[in-house]
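> coordinates for the following, if possible.
(one chain, ligands or ions: 2)
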Amino acid sequence: MSEKEVFKKKPTVNAGWEYCSQVRPSTGTPDNKESYQITLPEMDNLWPDEQVLPGFQAKLLQFEEDNWRLAMKILSCFAEKLGFEKDFFVECCKRSSPGYQCTLRLIHYMSMENAKPEDFKQWRAGAHSDFDCLTLLHLREGEGGLQLCPGNEISSNAWTEVTPVAGAVTCNIGDMLMRWSDDKLKSTFHRVRMPQPGEYLGPRLSVPFFCQANREAVIEGPEGKYPPITAEDYIYQRLHANFVQKHK
Ligand SMILES: O=C(O)CCC(=O)C(=O)O
Ligand SMILES: [Fe+2]
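Ligands and ions are numbered 1, 2, ... in the order given. From the prediction side, this is the model:
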C-alpha cells in the first residue's frame, strides 16, 4: 500500500486514492475497498509517474472524455424531456471549467478468497443512491453483486441483480438530477453484495463515471420544487456525510 499513500485523497477533494474510508450512512461501516478518483481540476501531484505506470494518465484522460461524451448524449435526452434546451447539461458540465467536478473512479473490492465467515456478512458497498446527475458504470463479466432498487420499487424493497455483460454500460440516475427534475426522474438506490459460496471470490473491479454539474451551476427544477443550490454546495453537503477522516 505504501506507494499509494502519496496519492492519498484529502477530505475536501474528490480525487486521489482512498482505502476503506467510505462510510455509507446505510451501514455505518467502511466499504471494504480501495479506489482512485480522477476529477480533472484536482489532480495536482495525484498522477503516478510516467516511468512507474507508462500510459496510465493518457489512457484515463481519454476514457474520462469518452464517458463525458456519452453522459452528455444521455443527459441531452433528459434535458429535452424536462423542457430545458437540448445542451442545457452540456453547458452545466463544461469539461474545460475550473469548476468541473465529474469524477472517474477506479474501484477495487478486496478478494474474499481468504476471508473469514463473518466478513461475508458485510456489504461490498452499502446501499445508497449516487449524489450526481448520472452515473455510467463499467463492470467486468463474471464480477456480479450489483443490485438495484429503482425509485418506484423502494416501497416493495425489490432488489434486481445486475449481471455484467461485456460492452454494456449500466446507467444510474443520481440525486442531483432527481432534484433538478423536481423529483420526476428518480435516483436509483443500489448496493454491491458479497459473493456467495460457490461464486467467484476474487477481487472485483468496477469503474463508475459520476457526472455532476460544475461547481457554479445552479440546480433549480423547471417547477421550482426545491430552493436553488449551487452544485458545489450540494456536493459538499453530500461528501461530508459519506467520508470520515482516517487516523493511522
Ligand atoms: O461497484 C459497483 O458496481 C457500484 C459502485 C457504486 O455504486 C459507487 O461507487 O457509487
Ligand atoms: Fe453508487
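
> looks to me like residue 67 is in a helix.
Yes: counting by DSSP: H, G, I helix; E, B strand; the rest coil, residue 67 is found in a helix.

> quick one: contacts for the closest residue in space to it that isn't next to it in sequence?
In space, and not counting its chain neighbours, residue 67 is closest to residue 209: 3.7 Å by CB to CB, 6 or more residues apart in numbering. All C-beta atoms are positioned from the backbone trio N, CA, C, and that covers glycine. Counting by CB atoms under 8 Å, 6 or more residues apart in numbering, residue 209 makes contact with 64, 67, 68, 71, 102, 103, 104, 105, 135, 136, 137, 138.

> quick one: residue 209 from ligand 1, how far?
Distance, residue 209 to ligand 1, by CB to the nearest ligand atom, to the nearest Å: 10 Å.

> residue of this structure with the smallest distance to ligand 1?
In the chain, no residue comes nearer to ligand 1 than residue 206, which is 3.3 Å away by CB to the nearest ligand atom.

> okay, now that residue: neighbour count?
Other residues near residue 206 come to 23 when the count uses other CB atoms under 10 Å.

> now it. Nearest residue, chain neighbours left out?
residue 107 (4.8 Å).

> helix/strand/coil for the one you found?
With three-state DSSP as the basis, residue 107 sits in strand.

> wait, it sits on residue 32?
No: judged on CB atoms under 8 Å, residue 107 makes no contact with residue 32 at a distance of 11.1 Å.

> neighbour-wise, which of the two wins?
residue 107 (20 against 17).

> my guess is residue 223 contacts residue 182. True?
Yes: contact criterion CB under 8 Å: residue 223 and residue 182 qualify, at 4.6 Å.

> what about the strands in this protein?
All strands of the chain, identified by DSSP state E, fall at 16-19, 33-38, 103-109, 125-128, 134-139, 146-149, 160-161, 170-173, 189-192, 204-211, 218-219, 229-230.
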